[in-house]
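Undergrad: Turn this into a structure:
(chains A and B)
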Amino acid sequence: MLQFTRTKIALILLTCLAGFVVAMPNFFSKETVASWPSFMPKKQLPLGLDLQGGAHLLLAMDQDEIKKDWMNNLRDESRKLLRDAKIGFTGIGVQGTQLVVKLSKPEERDAAIKQLDKVRQPIGSAVLGTGGYDVEVSAGNDPGTVIVKPTDAGMRARISNAAAASIETINRRVNNLGTSESTIVRQGADRILIQFPGLKDTKELKALIGETAKLTFHEVHPSIRADEAKMSTIPAGYKIYPGDKNEGPAEYLLREQPVVQGDDLADAQPGFDNRTNEAVINFRFNQSGARKFGNFTKDNVGKPFAIVLDNKVLSAPVIREPILGGSGQISGSFDVDSSNRLAVQLRSGSLPAKLTIVEERTVGPSLGADSIADGQRAGIIGGIAVVILTILAYGTFGIFACVGLLVHLILTLALMTLIGSTLTLPGIAGLVLGVAMAVDANVLIYERIREELRAGKSPISGIDAGFQRAFVTIADSQLTTLCCALIMFWLGSGPIRGFAVTLTIGILTSIFASVTVVRLLISFWLKAQPKGRIQIVPV
Amino acid sequence: MLMKLIPVFRGFDFFPHDLRLPFMKFKAAALIGSIAAMAIALALCMTYGLNYGVDFKGGSLIELQAKSGKADISALRDKLNGLGLGNVQIQEFGTPSDVLVRLEEQPGGEMAQQPAVQKVIDSVSSDYTQRRVEVVGPAVSSELRMTGFIAVAAGLLAIVAYVWFRFEWQFALGAIVALSHDVILVAGIFAFFQLEFDLSTVAALLTILGYSVNDTVVVSDRIRENLRKFKKMELNELLNLSINETLSRTILTGVTAIAVLISLYIFGGEVIRSFNLAMLLGVVIGTYSSIFIAAPLLGYLGVKRDWSDAAAKAVAATKTTRAKA
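TA: Below is the predicted model:
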């Protein structure tokens, strides 16, 4: 066991050297590293949000809103399909999670089902053909009714698409904040995690993602007012929308199907109205939006239309002349900040559903800096304590163990740098704790050597046996710790995960550093001894 | 000086090697004491209850730093209690200029938490800067509570399965009792002193599991080795011998870990102090439990004595014949 071939020695030394080279940038400041010549490695461990400061926001999508929107869409589409096929129906309504269509003539049911099948969209990839449709169309229990019902898989796909779309929208909005280091990822079915390093104030960020910014233009009912409709019945296809509190009536009766949607916006910029000096938003439609809006205004001159943001009516101006150029102006009760923000939100598109912050962890940069300083100080003092204890206990061999620990620390840092894991505050604790646990391997070996020597073995065979016998125990104890670390990784988010990663890597490197490297050092030491002078004194 | 150091493997042995402490004599007392301690700890968790942090209880935590001088906690308390946000807890955090403000979960679900925090920050922003904000809504806190519980349970089971696989069921049983003991006692201490119990405490508990089972595995390895070596030795004597033989290692590793943890506890900063405290308690308790619980339990449970290859083959043979039949 104490014999090493030359290749093995070279490999061990090379590993240590490589680890040292990779880990080195972490010991210098960013500026120093940047000034190094290009052939030197420059990758540093990224600091976690708790160390460099920043925001961690977990957002939850409003699933009910997505479902509701979808059901409304299905209803509108079904209505159109049936009309196109000239199939009469007396009612079409959303009941919970399904759409119930009542046909005028029950005998047309098969034709209706065939026609309504067109609302179905295949889900899953086209190549794999995982099959199935997002919606199921079937005959209802009552004669002459057809049920249109989203399938579970369809619902999942819908929510998944909405999450993906939300992430893109947030990405575009957040990029307007000027920093690009943010990460926005999906978590679970309906959650989105935003991590934003270095952000000092989350107010702006929260305001940016806090609105869905769904902009729509609606036709106002030509004769019935909202309060009148409330007393009697609301005409089919119309809906009551609340008004913006500051101006105009409290409620409006609008056609539910919008004329133009925010998707058709080509641009939106904050500006000022020349006459009133009020903050406004100037917008421009894309081609199809401009055409739709142009046609609508041409047909409705003299009538009001409503500009609706997030289901609230901002204003309902009267169309004085057809607006054919595709651009316009929205005024409301904006100030400079809110018009700026709304312009950003409109440019980046609307969110499919409202997002609620369900978890926030924000660390200010000053706390992060303090934590780094605290972690370093505690680590150095703890490290010194370990070195003193080890050398006290084992003398020269204690020095070897400390060299092993140093290699362990450097390799752990190097591996973390290589896989790009982030260093968190619990991660620093994990590093220090890892050192304490790596010592255990050496303690096991050395205690074993002492025993073997006491039992009367010669120094060399004692050392040999010590390494061999202790190894089983070391492997056992490391593997059990590994179990815990892996579970922690699965459990944890952010900082805790950082701790688990450090612990895991620490376990892996400690076998190499505390066993192999220390064994190599001891074999060098033995060779360097003049013959007959090896006197290992068991206490 | 260096020359003198080189050829000598001499250190300071923490324990004289021929010291034979009669651990097994105290096994009954130790077991009864430990069971009593566990019962008390469980009772404490029930009556006092664990002081769940924001992670598990939901609500908000805001760390503030006075812009100049010391933080005036009583003035802050008057101000924040006037906001109508329910029970607001305020405490000094580390230095006199830092305070930690805790808001309980606001009624009104997920949407209601953020405005409450903004209210606090706005009302103190002239005198304080915000250092840290943690807001955990009702859904996430209940999920975290669940994952925390599952993680500790899964950690225990994974370890026990490993020990069972590597040793015998008696060892696994000893390990699970010892590990549950550690976790329950740490939880009991947290309940008694009403220390904050959050996600980082759970991480500490998991690390403690890993550390404590280290000790147990080291002793078990030695027991197994001695079982092969001394086939005729009386079991209690053999267990006692094994504990004593590994004692110097147990103590030295424990002392090293404790030294590091004390340093982390004192100098590591306020943010991870509760994590470090849990670890510190766990290492002390874990060291105790592997000596006084895991190994002595084997004395009661009994253990397979014949570990020779022949015996193993015989067992395997009966298994296959049974399988064939």
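
Undergrad: only C-alpha atoms for contact and neighbour calcs from this point on.
TA: Noted.

Undergrad: What mean pLDDT does the helix or strand containing A:D76 get?
TA: Element membership for A:D76, per DSSP states H and E: helix A:63-84. In this model, helix A:63-84 has a mean pLDDT of 86.

Undergrad: May I see the buried residues of that helix?
TA: Within helix A:63-84, the residues scored as buried using 16 or more other Cα atoms under 10 Å in any protein chain shown are A:63, A:66-67, A:70-72, A:74-76, A:78-79, A:81-82.

Undergrad: Please apply the same query to stretch B:56-68.
TA: Here stretch B:56-68 shows B:F56, B:K57, B:G58, B:G59, B:S60, B:L61, B:I62, B:E63, B:L64, B:Q65, B:A66 as buried, counting by 16+ other Cα under 10 Å.

Undergrad: got a list of contacts for it?
TA: Residues from elsewhere that reach stretch B:56-68 (Cα atoms under 8 Å, 6 or more residues apart in numbering or on different chains): B:54, B:71, B:97-106, B:113, B:117, B:127-138, B:140-142, B:144-145, B:198-199.

Undergrad: could the buried residues of stretch B:56-68 be laid out in JSON lines, adding distance to A:G326?
TA: Below are these laid out as JSON lines (distance: Cα to Cα, whole Å):
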{"residue": "B:F56", "distance to A:G326": "53"}
{"residue": "B:K57", "distance to A:G326": "52"}
{"residue": "B:G58", "distance to A:G326": "49"}
{"residue": "B:G59", "distance to A:G326": "48"}
{"residue": "B:S60", "distance to A:G326": "47"}
{"residue": "B:L61", "distance to A:G326": "49"}
{"residue": "B:I62", "distance to A:G326": "48"}
{"residue": "B:E63", "distance to A:G326": "50"}
{"residue": "B:L64", "distance to A:G326": "50"}
{"residue": "B:Q65", "distance to A:G326": "52"}
{"residue": "B:A66", "distance to A:G326": "53"}
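
Undergrad: Mind checking which of the contacts of stretch B:56-68 land in helices?
TA: B:V54, B:Q113, B:V117, B:P138, B:V140, B:S141, B:S142, B:L144, B:R145, B:L199 (DSSP state H).

Undergrad: Of those residues, which pair is most distant in space?
TA: Greatest spatial distance in the ones in helices among the contacts of stretch B:56-68: B:V117 and B:R145, 22.2 Å, computed using Cα to Cα.

Undergrad: Looking at those two, which one has more neighbours?
TA: B:V117 (23 against 19; other Cα atoms under 10 Å in any protein chain shown).

Undergrad: which residue ranges form the helices in chain B?
TA: B:2-5, B:27-47, B:54-57, B:73-81, B:113-124, B:138-166, B:169-192, B:199-229, B:235-245, B:247-267, B:273-289, B:295-301, B:309-324.

Undergrad: Tell me the buried residues in the second one?
TA: Applying a neighbour-count criterion of 16+ other Cα under 10 Å, one finds B:K27, B:A30, B:L31, B:S34, B:A37, B:M38, B:A39, B:I40, B:A41, B:L42, B:L44, B:C45 buried in helix B:27-47.

Undergrad: Give me the residues contacting that helix.
TA: Against helix B:27-47 from outside (Cα under 8 Å, 6+ apart): B:H181, B:I184, B:L185, B:A187, B:G188, B:I189, B:A191, B:F192, B:F292, B:I293, B:P296.

Undergrad: rerun that using 6 Å as the cut-off
TA: With Cα atoms under 6 Å, 6 or more residues apart in numbering or on different chains as the test, helix B:27-47 has contacts from B:L185, B:G188, B:A191, B:P296.

Undergrad: Before we move on, what's the pLDDT of the last one?
TA: It stands for B:P296. At B:P296, the model reports a pLDDT of 85.

Undergrad: Find the residue closest to it in space, skipping its chain neighbours.
TA: B:K27 (5.7 Å; Cα to Cα, 6 or more residues apart in numbering or on different chains).

Undergrad: cool, the first one as well?
TA: Nearest-residue entry for B:L185: B:A41, 5.6 Å, with adjacent residues in sequence omitted and distances by Cα to Cα, 6+ apart.

Undergrad: B:R222: neighbour count?
TA: Other residues lying near B:R222 total 21 when counted by other Cα under 10 Å.

Undergrad: quick check, A:E219 in a strand?
TA: Yes. Looking at A:E219 with DSSP: H, G, I helix; E, B strand; the rest coil, it is inside a strand.
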